[in-house]
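> Here is a sequence with its predicted model. Questions after.
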Amino acid sequence: MVRALDSVDLAILGPTASGKSRLALSLAHRMNAEIVSADSRQIYREISVGTGKLLPEEREGIPHHLLDLCPITEAFSAGDFVREARKAIAGIRARGKRVIVCGGTGLYVESLFSGIVDLPPRPPGQYEEYRQGLEAVPTDALYARLRESDPERATDLHPNDRVRILRALYLREEFSLPSAVLFESFRTQGVECGAIIGLDPGRENRQSLIESRVRAMFANGWIEEVEALLKGGVDPAAPGFNSLGYREVIAFLKGQMTRPALVEAVILKTRQYAKRQMTWFRHMEGIRWVAPGAGKTIPWSFSQIMVRSKKIAADTIDGIREGEPRHMSQGIKRSTPARNAVSVKRSNKERIGIIGGSGLYHLKGLSDLRPTVVETPWGQPSDPYMVGMIGEIPVAFLSRHGAGHRYLPGEINYRANIAGFVALGVRRILSVSAVGSLKESIVPGDMVVVDQFIDWTKGRPSTFYGQGAVGHTGFAHPICPDLAKTLVEACRSVKARHHGKGTYLCMEGPAFSTQAESFLYRQFNADVIGMTNVTEARLAREAGLCYATLALSTDFDCWHPDHDAVTVADVLAVMEKNVSTANRILERALETVGPAGGCKCQEAPKTALVTHPDSIPAATRNKLAFLGILKAEEGGRP
């Protein structure tokens, strides 16, 4: 499913001491819900009194998540929160419960509902080693290097900001992508929220509530809590002690202030913090504000909350079926659009899928960009799909190997990649692949519109069937003839040197061929050799999708007597020249592609299934239903 369907029914936000926790408890009982905390201080196990955390006996039997999550000695980021919150939400949904998010940390809430840039973790110490290696390089020289390799990012940074310049250079070199493309590639889609309530007691009431709360915390043993931790050996500089008021308590224990001065200092700090909370929340849209104690407790009745959350979820499902997801994290957003905020144009035309291979990690000319994360029964696709428009044509672009080229050919989750296109309403896919040439007539730089495959892979998952469902899909002609014709005509239109047909031998990799293997493949009368596309083509046919390959010749493999054995450097050098040509071909193909239905590709699933639907296990049936091969509930074919 599209990740936005991992939804939250209700969010309760507001400044400290506004009564969020009690309201969440009351509604959780009525809604059969569990609560996910969005409080950056209550995640620490050892501190409770000063954070206002509900004790286990105060939670009234309602499961609370993201409380007591990590030790006081560890830092915890907004990205950590989003990852843990998603896990908690998925678990709650799996138990058939509703979800309430409750908290006052604006960054956490906005990150959950609007998405984050979630870069893959790098090897420990790698960045520090990179930084040390450039210590002798002047900052102006580093900035000049960044301006040359990533000019857009350079304009965002001050020429003297060495820390950020180094970080930008590291990411540019590590992932081989400009920052704008990199950040969009790894931006996760936010969680959908059905209804959002903001509690605001008003300034005067807020001041009084804060004072009462702080004094109660000291009466309940806040100083004793901190003293016990320090005596137990916790470092006063521990990240958890950055929580509001804890530094002041430590200063009191060191004799640096009196108790009355301590209480007044914490009251003041808490009031200032509440003001910052309100400033943050006031810049977010989609929140319905209410003043507790003003004659009503929430801006909607219980039934209205349920209708709102269900309607948004239903609209999202309908949008996916129509090929245009509608409610993708629109519940919360900054009232001033973010720098990389995007919108999606509506179009009555069918969305076309495009898969980029080595060297083609993003699509030129893609506008109204919307990175979209899709979750499937087969796991995560290689990357977020870049959903947008090329001219008037809706497209969904996927980098096969992931941004930064992270996955080997045998590691790619091909099933998830194809299933993700299905979830996005795609019925036709144009795939681009770097290949080696096995023919004298196909020189490096040539384009080949493939029409046949030889499968020489070894053991990679290449079918949606199995686990109680047997299916045999016709694959004699693995390429959609209509799409292949469109690619050939596009090659002619842009005057690209091309070959209108060819057999693609798909080897396992990741090593290139031995010379003996290369001679053997030539005896098969194969035209080009690659490592990916036959698996995609098989799965696309099983899912009833039209599929065609534009193969970009980069080398002569290792059979040619006048050319050295293929190297990565050779491939990349030719790919750099080929990519601009491939972009022009794709753009022209999208302009001229005709309506679907003239071929038989989409009929393939109707005759493939051998097992009687009633005999297929429910879990497998649900997987096939995701692709539209079966109906999940009825068990029969659609």
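Everything's here; your move.

> C-alpha only now, for contacts and for neighbours.
Fine.

> What is the three-state secondary structure of residue 421?
State at residue 421, reduced to three classes by DSSP: H, G, I helix; E, B strand; the rest coil: helix.

> could you list every residue that touches the residue lying closest to it once chain neighbours are set aside?
Distance criterion C-alpha to C-alpha, 6 or more residues apart in numbering; nearest residue to residue 421, sequence neighbours excluded, is residue 353 at 6.7 Å. Counting by C-alpha atoms under 8 Å, 6 or more residues apart in numbering, residue 353 touches 395, 396, 397, 398, 421, 426, 427, 428, 429, 430.

> Give me the subset of these lying in strands.
Counting by DSSP state E, the part of those found in strands is 395, 396, 397, 398, 428, 429, 430.

> Give me the buried positions along the helix or strand encompassing residue 205.
For residue 205, the host element (DSSP states H and E) is helix 203-219. Burial within helix 203-219, assessed by neighbour count using 16 or more other C-alpha atoms under 10 Å, is assigned to 206, 207, 209, 210, 211, 213, 214, 217, 218.

> how far out from the middle of the chain is stretch 175-193?
7 Å (C-alpha atoms, centre = their mean, to the nearest Å).

> tell me the average confidence for it?
Across stretch 175-193, pLDDT averages out at 78.

> Any stretches of the stretch 251-400 of the chain with poor pLDDT?
The stretch 251-400 of the chain contains residues with pLDDT under 70 at 292-349, 359, 361-362.

> residue boundaries of the helices in it?
Ranges of helices in the stretch 251-400 of the chain, per DSSP state H, counting those that start in this stretch, are 259-282, 302-322.

> Could you do the stretch 451-600 of the chain as well?
Secondary structure of the stretch 451-600 of the chain, counting by DSSP H, counting those that start in this stretch: helices at 481-493, 515-523, 533-542, 568-592.

> of all the ones you listed, which lies closest to residue 170?
helix 568-592 (20.4 Å; C-alpha to C-alpha).

> Dump the C-alpha coordinates for the next helix or strand along the chain from the closest one into CSV.
Sequence-wise, the next helix or strand downstream of helix 568-592 (DSSP H and E) is helix 618-626. Provided in CSV are the C-alpha atoms of helix 618-626 (Å, rounded to 0.1, in the frame of the first residue of the first chain):
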residue,chain,number,x,y,z
ALA,A,618,-5.5,-16.4,2.7
ALA,A,619,-2.1,-14.7,3.0
THR,A,620,-1.1,-15.7,-0.5
ARG,A,621,-4.6,-14.7,-1.8
ASN,A,622,-4.1,-11.3,-0.3
LYS,A,623,-0.8,-10.9,-2.0
LEU,A,624,-2.3,-11.8,-5.4
ALA,A,625,-5.2,-9.4,-4.7
PHE,A,626,-2.7,-6.6,-4.2
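
> got a list of what residue 363 touches?
Counting by C-alpha under 8 Å, 6+ apart, residue 363 has contacts 356, 397, 583.

> Which parts of the protein belong to which domain?
3-118+190-200+274-290, 126-185, 352-615 (automatic domain parsing).

> Quick one: low-confidence residue ranges for the chain.
Applying pLDDT under 70 to the chain flags residues 1-6, 121-122, 185, 292-349, 359, 361-362, 563-576, 597, 631-638.

> residues touching the most centrally placed residue in it, list them.
By C-alpha atoms, centre = their mean, the chain has its centre lying nearest to residue 188, at 3.2 Å. Contacts for residue 188 (C-alpha under 8 Å, 6+ apart) come out as 115, 116, 117, 118, 371, 372, 373, 384.

> one more time with 10 Å
Counting by C-alpha atoms under 10 Å, 6 or more residues apart in numbering, residue 188 touches 3-4, 82, 111-112, 114-119, 371-374, 383-384.

> what do you get for residue 474?
Listed by C-alpha under 10 Å, 6+ apart, the contact set of residue 474 reads 538, 541, 542, 601, 604, 605, 607, 608.

> tell me the two of those that are most distant?
With distances taken as C-alpha to C-alpha, the most widely separated pair in those is 538 and 607, at 15.1 Å.

> Look at the two and report which has more neighbours.
residue 538 (24 against 11; other C-alpha atoms under 10 Å).

> Hmm, the more buried one is touching residue 475, no?
Yes - with contact defined as C-alpha atoms under 10 Å, residue 538 reaches residue 475; the gap is 7.4 Å.

> Spit out the residues that contact the two alike.
Counting by C-alpha under 10 Å, 6+ apart, the residues touching both residue 538 and residue 475 are residue 453.

> picking that back up, among the contacts of residue 353, who's most crowded?
Greatest neighbour count in the contacts of residue 353, by other C-alpha under 10 Å, goes to residue 398: 31 neighbours.

> Span of stretch 495-509 from start to end?
32 Å (C-alpha to C-alpha, to the nearest Å).

> Residue numbering should commence at 195 henceforth.
Yes, from this point I'll number from 195; that puts the last item at stretch 689-703.

> Could I get the buried residue list for that stretch?
Buried residues in stretch 689-703, counted by 16+ other C-alpha under 10 Å: 690, 692-703.

> Repeat that for stretch 788-798.
Buried positions in stretch 788-798, judged by neighbour count with 16+ other C-alpha under 10 Å: 795, 796, 798.

> Pull the distance from that stretch to the chain's centre.
How far stretch 788-798 lies from its chain's middle: 31 Å, per C-alpha atoms, centre = their mean.

> And the contacts of it?
With C-alpha under 10 Å, 6+ apart, stretch 788-798 has contacts from 543-544, 621-622, 666-669, 671-677, 680, 734-741, 823.

> residue furthest from the geometric center of the protein?
Each residue of the chain has a distance to the centre, and by C-alpha atoms, centre = their mean the biggest one is for residue 452: 50.2 Å.

> what's the closest non-adjacent residue to that one?
What sits nearest to residue 452 in space, not counting adjacent residues and going by C-alpha to C-alpha, 6+ apart, is residue 446, at 6.5 Å.

> OK, contacts around that neighbour?
Residue 446 is in contact with 417, 440, 452, 453, 455, 456, 457, counting by C-alpha under 10 Å, 6+ apart.

> quick one: residue 266 is in a helix?
No - Residue 266: not assigned to a helix; according to three-state DSSP it is coil.

> For it, give me its contacts.
Neighbours of residue 266 in contact, by C-alpha under 10 Å, 6+ apart: 235, 237-241, 423, 428-429, 432-437.

> What about these, which are in helices?
In helices, judged by DSSP state H, the following of the contacts of residue 266 are found: residue 423.

> Neighbour-wise, which one of the contacts of residue 266 leads?
Counting neighbours by other C-alpha under 10 Å, residue 238 leads those with 26 neighbours.

> and the gap between residue 210 and residue 724?
To residue 724, residue 210 is 59 Å away according to C-alpha to C-alpha.

> what does residue 689 give?
According to C-alpha to C-alpha, residue 689 stands 24 Å off from residue 724.

> Now distance to residue 611 too, for the buried residues of stretch 788-798, in a markdown table please.
Below are the buried residues of stretch 788-798 laid out as a markdown table (distance: C-alpha to C-alpha, whole Å):
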| residue | distance to residue 611 |
| --- | --- |
| 795 | 18 |
| 796 | 18 |
| 798 | 19 |
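
> and of the residues you listed, the nearest to residue 810?
residue 798 (19.3 Å).

> what's the spacing between that closest one and residue 685?
From residue 798 to residue 685 the distance is 28 Å (C-alpha to C-alpha).

> Likewise for residue 562?
Distance of residue 562 to residue 685, computed by C-alpha to C-alpha: 26 Å.

> Of those two, which one has the most company?
For residue 562 and residue 685, the more surrounded residue by other C-alpha under 10 Å is residue 685, and the numbers stand at 26 against 17.

> what's near enough to touch the residue nearest to the more buried one when sequence neighbours are not counted?
Counting by C-alpha to C-alpha, 6+ apart, residue 779 is the residue found nearest to residue 685 once chain neighbours are left out, at 5.7 Å. By C-alpha under 10 Å, 6+ apart, residue 779 lies in contact with 641, 680-690, 744, 773, 785.

> pretty sure residue 420 is touching residue 244, no?
Yes - contact criterion C-alpha under 10 Å: residue 420 and residue 244 qualify, at 9.1 Å.
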